[in-house]
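[1] Below are the sequence and a predicted model for it; my questions follow.
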Amino acid sequence: MKVPIYFDYAATTPVDPRVAQKMSECLLAEGNFGNPASRSHKFGWEAEEAVEIARRQVADLIHADPREIVWTSGATESDNLAIKGIAQFYKTRGKHIITSKIEHKAVLDTCRHLEREGFEVTYLEPNSEGIISPAQVDEAIREDTILVSIMHVNNEIGVINDIAAIGEVCRAKKVFFHVDAAQSAGKIEIDLETMKVDLMSFSGHKVYGPKGVGVLYVRRKPRVRLEAQMHGGGHERGMRSGTLATHQIVGMGEAFRIAKEEMAEEQKRLLALRTRLWEGLNDMEEVHVNGSFDHRSPGFLNVSFNFVEGESLIMSLSDLAVSSGSACTSASLEPSYVLRALGLNDEMAHSSLRFTVGRFTTEEDVDHAITQVRAAVDKLRELSPLWDMYKDGVDLDKIEWAAH
Amino acid sequence: MAYSKQVMDHYDNPRNVGKMNAEDSDVGTGMVGAPACGDVMRLQIKVSADGIIEDAKFKTYGCGSAIASSSLLTEWVKGRTLDEAAAIKNTELAEELALPPVKIHCSVLAEDAIKAAVKDIRDKRGA
């Protein structure tokens, strides 16, 4: 077993060796290095062919038409293009956008930006399980609403929204629907033939592809139009200019091909690993899963260890690469806004760890994580005055703390 | 974030972890911070009749730097007078532990904790 063990697959994934192989064939002079936009010679034609194969591979995983795939630099750019692109193109129709409080920053910050440009944004509150209901979206839609943007799988807690049902609501009210699917692609089923989603963002590096490449799915029927955010050259049917990065695109295509082929098996394996992890921890006192347990992407487990502070917990877990909702690990000193939106108090948000298992996680890795976490939590609770007080039956909510 | 050797040492082997009976007449208790902020320190000192700190115990909920700051503090206050202990500055703790700027507040909290403990014992003794 190699330490530290990687439990942060939601942050990024290593590139699958099969993907790396394909990518490496598109770099050197003797490889497929041409500019896909070069129409006058074989180098260009071959590069274009490789890009089109990749486009089909991505489309196949999500049951889309290859012509609905727009290459971008990643899911952040896809979110920006979708939201700003719709807002600017359809602003004469209305200036109201609906999203949720627990979207990725790529969506939230883009919405904040549009607010400064005169758009109005409604931020829906998830329930305590982290779910946005179709009824909530329905109620929030107004005459001037042009866009709803709701994520498929949340990146901190792994909770799955009912995108199909929200899509029905949006279509019935003739409002465009954008979905950030960076965390769901290749993990759970996405069928854009049946889901009424107009725009969907994808990332290469969450699916064992390379960083620096993503996709925006833009529906053709009914047609969705966008104001381009990047100009010059008119690539990608004018929606996103810039020379296509053949090696990145080929890598993402191969990654999505593998995902389609292996998803069913991988889901079962990840679920078994996550279950093993949770069963190894859930008999401890005051351990809580954050977000819905049932509506959850298979690789995710977000847990709070009450009365233990997240950063010190991570310090004790030197063999594990995990992420924390604790303020101290971020620059902002605020604990996770996602966990806060679920109604967790600051302590519980500070005490949270996110484990995400993936393609290369083994049972042995999980068992080692269980041993380390249990020892670390025990040690830190021995050190914790809050644990003492809890054990003495003191109600911590009744104490007047001097906030600093 | 990389931690200094000193922080790691106190974190791995915290000194003087424990709890004294806060009701005892020779025990001063300082509890500072708030769970919501991610730091709570409880520092307790046992003080002889002539005002010398004979023993010190702590428990801390917080990041590694907060744990190290309070652990170091318990080492420093032992054998000192109340006045000497109350005069310990957060900058001395921060320097000894090589805390980075974002962790200075941990040392400030430790300074607050010893001041609060000294005040508690003085209040008890009506001095």
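    Structure's in. What do you need? Residues are numbered from 1 along each chain as shown, chains lettered A, B, ... in the order given.
[2] where along the stretch 201-350 of chain A do the strands fall?
    A:214-218, A:287-289, A:300-305, A:320-321, A:323-324 (DSSP state E, counting those that start in this stretch).
[3] Can I get the third one in PDB, CA atoms only?
    Read that as strand A:300-305. Extracted as PDB, the C-alpha positions of strand A:300-305 are listed here (Å, rounded to 0.1, in the frame of the first residue of the first chain):
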ATOM      1  CA  PHE A 300     -19.100  10.000  -1.900                       C
ATOM      2  CA  LEU A 301     -19.000  10.000   1.900                       C
ATOM      3  CA  ASN A 302     -19.100  13.300   3.800                       C
ATOM      4  CA  VAL A 303     -19.000  12.800   7.500                       C
ATOM      5  CA  SER A 304     -18.900  15.100  10.600                       C
ATOM      6  CA  PHE A 305     -17.100  13.900  13.700                       C
END
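[4] State the mean pLDDT of it.
    For strand A:300-305, the mean per-residue pLDDT is 96.
[5] Please see if it touches chain B.
    No. With C-beta under 8 Å from any C-beta of the partner chain as the criterion, chain B is not reached by strand A:300-305; the gap is at least 11.5 Å. C-beta: built from backbone N, CA, C; applies to glycine.
[6] Which residues does that strand contact?
    Residues outside strand A:300-305 that contact it (C-beta atoms under 8 Å, 6 or more residues apart in numbering or on different chains) are A:10, A:153, A:156-158, A:274, A:277-278, A:281, A:284, A:286-291, A:313, A:325, A:339, A:344, A:348-349, A:351-357, A:373, A:377.
[7] Is it possible to get TSV of the strands of the stretch 201-350 of chain A that adds mean neighbour count?
    Shown next, in TSV, are the strands of the stretch 201-350 of chain A (neighbours: other C-beta atoms under 10 Å in any protein chain shown):
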stretch	mean neighbour count
strand A:214-218	27
strand A:287-289	16
strand A:300-305	24
strand A:320-321	18
strand A:323-324	22
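[8] Which positions within the longest helix along chain B qualify as buried?
    Across chain B, the longest stretch assigned as helix under DSSP state H is helix B:104-125. Using 16 or more other C-beta atoms under 10 Å in any protein chain shown as the test for burial, helix B:104-125 gives B:104-118, B:120-121, B:124.
[9] out of those, which touch chain A?
    Near chain A, by the rule C-beta under 8 Å from any C-beta, you find B:105, B:108-109, B:112 out of these.
[10] before we move on, back to that, of the contacts of strand A:300-305, buried ones?
    Applying 16+ other C-beta under 10 Å to the contacts of strand A:300-305 flags A:10, A:153, A:156-158, A:274, A:277-278, A:281, A:287, A:289-291, A:313, A:325, A:339, A:344, A:348-349, A:351-357, A:373, A:377 as buried.
[11] Residue A:195 in helix, strand or coil?
    The three-state label given to residue A:195 by DSSP: H, G, I helix; E, B strand; the rest coil is coil.
[12] what's the angle from the helix ranked longest in chain A to strand A:300-305?
    Using DSSP H, we find that the single longest helix of chain A is helix A:246-281. Here helix A:246-281 points in a direction 40 degrees away from that of strand A:300-305 (axes from the mean of the first three to the mean of the last three C-alpha atoms, to 10 degrees).
[13] Counting neighbours, which bits of helix A:246-281 end up buried?
    Those would be A:246-260, A:263, A:266-267, A:269-270, A:273-274, A:277-278, A:280-281, for helix A:246-281 by 16+ other C-beta under 10 Å.
[14] Count the residues that sit near residue A:342.
    27 (other C-beta atoms under 10 Å in any protein chain shown).
[15] And it, how far from chain B?
    16 Å (C-beta to the nearest C-beta, to the nearest Å).
[16] Would you state the strands of chain B in chain order?
    Along chain B, counting by DSSP state E, strands occupy B:27-34, B:39-47, B:53-61.
[17] Switch these over to a markdown table; also include mean pLDDT and distance to chain A.
    Converted to a markdown table, the strands of chain B look like this (pLDDT from 0 to 100; distance: least, C-beta to the nearest C-beta, whole Å):
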| stretch | mean pLDDT | distance to chain A |
| --- | --- | --- |
| strand B:27-34 | 95 | 3 |
| strand B:39-47 | 96 | 4 |
| strand B:53-61 | 97 | 4 |
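[18] Do me a favour and average the pLDDT over stretch A:198-213.
    Averaged across stretch A:198-213, the pLDDT comes to 98.
[19] Using CSV, write out every CA atom in it.
    The C-alpha trace of stretch A:198-213 is given here as CSV (Å, rounded to 0.1, in the frame of the first residue of the first chain):
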residue,chain,number,x,y,z
ASP,A,198,-30.8,22.4,-22.5
LEU,A,199,-27.2,22.9,-21.4
MET,A,200,-24.9,20.7,-19.4
SER,A,201,-21.3,21.2,-18.2
PHE,A,202,-18.7,18.5,-18.1
SER,A,203,-15.1,18.2,-17.0
GLY,A,204,-12.4,15.9,-18.3
HIS,A,205,-10.4,15.5,-15.1
LYS,A,206,-13.2,14.2,-12.9
VAL,A,207,-13.5,11.2,-15.1
TYR,A,208,-9.9,10.1,-15.4
GLY,A,209,-9.2,12.4,-18.3
PRO,A,210,-6.8,15.3,-18.3
LYS,A,211,-7.3,18.7,-16.7
GLY,A,212,-7.8,21.7,-18.9
VAL,A,213,-10.6,20.3,-21.1
